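1. With the input below, show me the fold.
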Amino acid sequence: MVADRMRGPIPTRRPDVLGTLHVVVFARQMRSLPFLVSICIHAAVLAALLLLVTSEKLPVPRPRAVDVDIITEQQFRSATLPPAPIAIPTPRMPPAVLSTPAETVPAPAMPPTLEPVLTTENGGMTTATQFFTSRILDDPKNRQVKQTLPRLGPEERIIQLCNIEGLEQLRLVSAGKVPDSLDPSAMADTTITGDTLDAPGGAYRLHKKWYSVSFTCKVGLDRQSVIDFKFKLGAAIPHNQWDSHNLIDDDIELD
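-> All right, here's what the predicted structure looks like:
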């Protein structure tokens, strides 16, 4: 009996079909690539959330304190107005040197020493036997005078040459005195015939006084020299006649 019982049917467990099915399905899903990608994405999102939750908050910097000064309205205007302009003194310039027009000739520099060679004729007329115009014009100091003369008209050029010669001749007979101006037509008109100037009523200035003089002067063919000069000195011209003859006691200086 005992043996028969032992030989009887052996009880068996009922297989878990549902569990087996889930394992098979899960195994098949694991083999799918999209499923693996989905698992990775979910894992990354979960890790990011954990980092956000556990990360420390960055400290917010505190605003810096600003010092504020309370000023009056007058102080505000003084601080905002532009600075006053600085007055720069204008430097003093030396007087300008005016250029000499072509119609006038500057006074030439006279040589320091020249020996007079004069002869006196009847009637008090003095004849010069030595002439100085060419020598005066050749002086480097008188280069401007020499360059100006050719730009003058023929008659004006004769007058200027005779004035240069006349001043030097008058200086030689004035016993060390230096006449500084000669006007050949001060008291009477002049006449020019060819190369000769006749001045019967001239005047020259010496120490701010005017004296009468008459002279005749002949220039050379080169119009740069004097080849004949005769003159006669006269008396002092009264001061009350100066204005009517345009005579002045000193040259006008331009500032």
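2. CA atoms only: put stretch 209-216 into PDB for me.
-> The C-alpha coordinates for stretch 209-216 follow below in PDB (Å, rounded to 0.1, in the frame of the first residue of the first chain):
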ATOM      1  CA  LYS A 209      64.800 174.600 -40.000                       C
ATOM      2  CA  TRP A 210      64.300 175.300 -43.700                       C
ATOM      3  CA  TYR A 211      66.700 177.200 -45.900                       C
ATOM      4  CA  SER A 212      66.400 178.300 -49.500                       C
ATOM      5  CA  VAL A 213      68.600 176.900 -52.200                       C
ATOM      6  CA  SER A 214      68.700 177.000 -56.000                       C
ATOM      7  CA  PHE A 215      70.600 174.500 -58.200                       C
ATOM      8  CA  THR A 216      70.900 173.000 -61.600                       C
END
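3. And the contacts of it?
-> 162, 166, 170, 182, 184, 186-187, 196-205, 228-237, 242, 247, 249 (CB atoms under 8 Å, 6 or more residues apart in numbering). Where you see a C-beta, it was placed from the backbone N, CA and C, and this is true even at glycine.
4. can you count the residues close to the closest residue to Leu221 other than its chain neighbours?
-> Of all residues not flanking Leu221 in the chain, Asp195 sits nearest, at 7.4 Å (CB to CB, 6 or more residues apart in numbering). Close neighbours of Asp195, defined as other CB atoms under 10 Å, add up to 17.
5. And Asp195, how close does it get to Gln241?
-> Note on Asp195: its distance to Gln241, by CB to CB, to the nearest Å, is 32 Å.
6. for Ser212, same thing?
-> For Ser212, the distance to Gln241 - CB to CB - is 10 Å.
7. cool, Ile227 as well?
-> Counting by CB to CB, the gap from Ile227 to Gln241 is 34 Å.
8. Report the beta-bridge partner residues of Phe229.
-> Cys217 (DSSP bridges).
9. thought it was touching Asn163?
-> No - here Phe229 does not reach Asn163: they are 11.2 Å apart, not a contact under CB atoms under 8 Å.
10. Who are the packing partners of the helix or strand containing Gln147?
-> Taking DSSP states H and E as the definition, one finds Gln147 inside helix 143-148. Taking 3 or more CB pairs under 8 Å, 6 or more residues apart in numbering; DSSP states H and E as contact, the helices and strands that helix 143-148 lies on are helix 133-138.
11. Give me the average confidence score over the helix it packs on.
-> Averaged over helix 133-138, pLDDT sits at 92.
12. name the helices or strands packed onto it?
-> Packed next to helix 133-138, using 3+ CB pairs under 8 Å, 6+ apart, are helix 143-148, helix 154-172.
13. In that helix, which residues are buried?
-> Thr133, Ser134, Ile136, Leu137 (16 or more other CB atoms under 10 Å).
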